[in-house]
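**Q** here's my sequence, what's the structure:
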Amino acid sequence: TEDTRVWQESNNDDFTSMNAYTTYEKEFKGHNFKIMAGMQSEYKKNFGLYANKMGMVLTGQPSISTSTGKIEAWDSLDHYATLGFFGRFNYDYKSRYLFEFDLRRDGSSRYAKGHQWGTFPAFSAGWNVAKEAFFEPYTSILSELRLRGSWGELGNMRGKNYQYISTVPYNATTDYIMGDKRISAFGAPNMIAYNTWEKNRTLDFGVDIAALNNRLTMSFDWYRRDIIGLITKGVTLPAVLGVNSPDTNNADIRNEGWELTLGWRDQFSLASKSFNYSVSFNLSDYQGTVLKYSNPKGLIYDYYVGKKMGTIWGYTTDHIMTDPAEAKAINDSGVQNKFGGDWVVGDIKYVNLDDDPNINDGNQTLEDHGDLSIIGNDTPRYNFGFGFNADWNGIDFSMFLQGTMKRDLWLEGPVAFGLGGGQWGSNVWKNTL
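**A** The predicted structure is shown next:
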């Protein structure tokens with residue numbers, strides 16, 4: 001029939017990866033050396049073909065070839081390739097002093113020539129104090145005391161494929177009609193983005209302790225992770241340009257935090273059988289800060305230098321109105337007309353934080369944000385976990401609990417406002433019940 005349509009879709013996704021590496025090890029009078037070098041390559045290609053046709057002759061056996069209408073078809077093509085070389089050097093002396101150096105050189109077809117390659121070094125060092133001769137008197141209490149530190153960079157390949165090529169969108173069948181046919185049209189070409197690899201730079205200091213015959217363990221890390229050249233929204237351009245600014249290496253983000261892990265394991269005899277158990281606890285916290293971002297207007301809902309990741313801007317509530325006279329005064333003055341009118345008992349009265357007599361959001365900038373202020377942060381803080389494991393006489397038991405001790409949320413949608421549809425449209429009226 002003429003009003004029926006058949007669709008056919010084919011998608012082919014090929015991914016090829018190759019790794020090759022070699023190692024060399026040497027020990028000499030307590031000095032241990034290890035060298036590793038290798039390469040890695042990846043190639044991914046995607047091809048899609050899509051077609052539809054009206055007027056199926058046999059609706060029970062849909063096919064393109066047995067339909068009578070005009071065929072519409074289009075395809076999609078996408079690919080990228082990476083190539084990387086890496087090396088590692090390890091050294092330790094009697095497991096007492098440890099050192100490691102890594103170096104990567106990665107290239108990606110996702111970026112323009114001159115921007116395709118990145119070099120990423122890293123090194124770490126550790127000192128096992130418990131292996132020192134002067135520490136021997138204390139090994140019955142502390143069997144391990146290791147101090148360590150590391151610094152390194154890794155590349156992150158983000159951004160779209162072909163971002164360095166100005167492509168022109170084409171629509172074979174637009175919604176515009178000339179004569180009796182839908183016409184085709186070209187769109188505005190996109191702007192070129194000369195991006196390169198993001199750098200994830202990490203500085204870490206830590207300590208590992210084992211005590212009481214390894215029954216008690218503790219590990220602590222402090223770290224600072226910087227994302228250098230985060231590919232995100234580009235500089236805002238005048239609307240008269242007609243196209244959006246491309247995503248660029250426009251931001252630097254810093255995350256600082258710490259992690260603590262405690263563990264205890266032991267055993268005892270229960271009914272002449274060995275009862276083994278272990279307890280673990282971990283606690284961590286971090287916060288992110290914007291170090292660099294091009295936001296000349298200081299828009300508060302965008303990144304800006306110094307902004308804490310997860311910052312929530314909002315209005316400050318004063319109280320829930322219980323006096324009809326107060327609600328009438330707000331309606332008469334129009335001080336809260338930004339949110340609507342006809343305020344009644346049970347509604348919120350908001351705090352006026354600026355010189356404007358009416359509640360407002362100013363220009364939503366750092367210099368003029370009206371009555372908006374930072375009212376919270378949705379970054380999960382002080383995340384913890386607790387685990388317990390035990391086994392006895394062939395019976396095993398395991399449990400794990402985890403949670404977050406601090407987080408602010410702006411709840412919205414049906415969870416917050418019900419099924420009525422939005423902050424102001426979720427009222428229930430008697431005549432609709």
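**Q** SS state for the residue lying closest to residue 337 once chain neighbours are set aside?
**A** Counting by Cβ to Cβ, 6 or more residues apart in numbering, residue 337 lies nearest to residue 358, which is 6.9 Å off, once chain neighbours are set aside. No exception for glycine: its C-beta is placed from N, CA and C like everyone else's. Of the three states, residue 358 takes coil under DSSP: H, G, I helix; E, B strand; the rest coil.
**Q** go on, residue 388?
**A** strand.
**Q** ok, now which ones touch it?
**A** If you count contacts by Cβ atoms under 8 Å, 6 or more residues apart in numbering, residue 388 has them with 277-280, 397-400.
**Q** could you dump these into CSV and include neighbour count?
**A** Listed next are the contacts of residue 388 as CSV, based on neighbours: other Cβ atoms under 10 Å:
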residue, neighbour count
277, 15
278, 17
279, 14
280, 16
397, 10
398, 10
399, 9
400, 10
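**Q** which of these fall in strands?
**A** 277-280, 397-400 (DSSP state E).
**Q** separation between residue 298 and residue 353?
**A** Taking Cβ to Cβ, to the nearest Å as the measure, residue 298 falls 17 Å from residue 353.
**Q** tell me the pLDDT at residue 121?
**A** Per-residue pLDDT puts residue 121 at 98.
**Q** same question but for residue 176, I mixed them up
**A** The predicted local confidence for residue 176 is 84.
**Q** could you do residue 417 as well?
**A** 61.
**Q** CA atoms only: put the one helix or strand residue 257 maps to into PDB for me.
**A** Using DSSP states H and E, residue 257 sits within strand 248-270. Output in PDB follows, covering the C-alpha atoms of strand 248-270 (Å, rounded to 0.1, in the frame of the first residue of the first chain):
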ATOM      1  CA  THR A 248      39.000  24.100  21.600                       C
ATOM      2  CA  ASN A 249      41.800  23.400  24.100                       C
ATOM      3  CA  ASN A 250      40.200  26.200  26.100                       C
ATOM      4  CA  ALA A 251      40.400  25.300  29.800                       C
ATOM      5  CA  ASP A 252      42.700  24.100  32.500                       C
ATOM      6  CA  ILE A 253      41.100  22.200  35.400                       C
ATOM      7  CA  ARG A 254      42.800  21.300  38.700                       C
ATOM      8  CA  ASN A 255      41.600  18.500  41.000                       C
ATOM      9  CA  GLU A 256      43.100  18.200  44.500                       C
ATOM     10  CA  GLY A 257      42.300  15.400  46.900                       C
ATOM     11  CA  TRP A 258      43.400  12.700  49.100                       C
ATOM     12  CA  GLU A 259      42.600   9.000  49.700                       C
ATOM     13  CA  LEU A 260      43.000   7.000  53.000                       C
ATOM     14  CA  THR A 261      42.700   3.200  53.200                       C
ATOM     15  CA  LEU A 262      42.800   1.100  56.400                       C
ATOM     16  CA  GLY A 263      42.800  -2.600  56.700                       C
ATOM     17  CA  TRP A 264      42.900  -5.300  59.400                       C
ATOM     18  CA  ARG A 265      43.000  -9.000  59.000                       C
ATOM     19  CA  ASP A 266      43.400 -11.800  61.500                       C
ATOM     20  CA  GLN A 267      42.300 -15.300  62.500                       C
ATOM     21  CA  PHE A 268      41.400 -17.200  65.600                       C
ATOM     22  CA  SER A 269      40.100 -20.700  66.500                       C
ATOM     23  CA  LEU A 270      36.400 -21.300  66.700                       C
END
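**Q** wait, is residue 412 part of a strand?
**A** No. Assessed with three-state DSSP, residue 412 is coil; it does not lie in a strand.
**Q** tell me the confidence at it?
**A** 72.
**Q** just the strands in the stretch 201-350 of the chain please.
**A** For the stretch 201-350 of the chain, the strands defined by DSSP state E, counting those that start in this stretch cover 216-232, 248-270, 273-293, 311-314, 317-320, 348-350.
**Q** now those strands as TSV including mean pLDDT and distance to residue 390?
**A** As requested, the strands of the stretch 201-350 of the chain are exported to TSV (pLDDT from 0 to 100; distance: least, Cβ to Cβ, whole Å):
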stretch	mean pLDDT	distance to residue 390
strand 216-232	96	17
strand 248-270	96	10
strand 273-293	97	4
strand 311-314	95	42
strand 317-320	93	49
strand 348-350	93	51
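**Q** which one of these lies closest to residue 332?
**A** strand 348-350 (14.0 Å; Cβ to Cβ).
**Q** may I have the longest helix seen in the chain exported as PDB, CA atoms only?
**A** With secondary structure taken from DSSP state H, the chain has its longest helix at helix 324-333. In PDB, the C-alpha atoms belonging to helix 324-333 read as follows (Å, rounded to 0.1, in the frame of the first residue of the first chain):
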ATOM      1  CA  PRO A 324      -1.800  36.600  54.100                       C
ATOM      2  CA  ALA A 325      -0.900  40.300  54.600                       C
ATOM      3  CA  GLU A 326       2.800  39.500  53.700                       C
ATOM      4  CA  ALA A 327       1.800  37.600  50.600                       C
ATOM      5  CA  LYS A 328      -0.500  40.500  49.500                       C
ATOM      6  CA  ALA A 329       2.300  43.000  50.100                       C
ATOM      7  CA  ILE A 330       4.600  41.000  47.800                       C
ATOM      8  CA  ASN A 331       1.900  40.800  45.100                       C
ATOM      9  CA  ASP A 332       1.300  44.600  45.400                       C
ATOM     10  CA  SER A 333       5.000  45.500  45.200                       C
END
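**Q** residue 101 against residue 122, yeah?
**A** Yes. Contact criterion Cβ atoms under 8 Å: residue 101 and residue 122 qualify, at 7.4 Å.
**Q** for the stretch 301-433 of the chain, give me the ranges with low pLDDT.
**A** Residue ranges of the stretch 301-433 of the chain with pLDDT under 70: 413-433.
**Q** burial count for residue 164?
**A** 20 (other Cβ atoms under 10 Å).
**Q** same thing with residue 288?
**A** Neighbour number of residue 288 under other Cβ under 10 Å is 19.
**Q** hey, what's residue 220 bridged with?
**A** Note on residue 220: beta-bridge partners residue 207, residue 260, judged by DSSP bridges.
**Q** quick check, it in contact with residue 257.
**A** No. Counting by Cβ under 8 Å, residue 220 does not reach residue 257; the two are 11.8 Å apart.
**Q** the residue lying closest to residue 381 once chain neighbours are set aside and residue 152, how far apart?
**A** Leaving out its chain neighbours, the residue that sits closest to residue 381 by Cβ to Cβ, 6+ apart is residue 406, at 3.9 Å. Residue 406 is 30 Å from residue 152, where distance means Cβ to Cβ.
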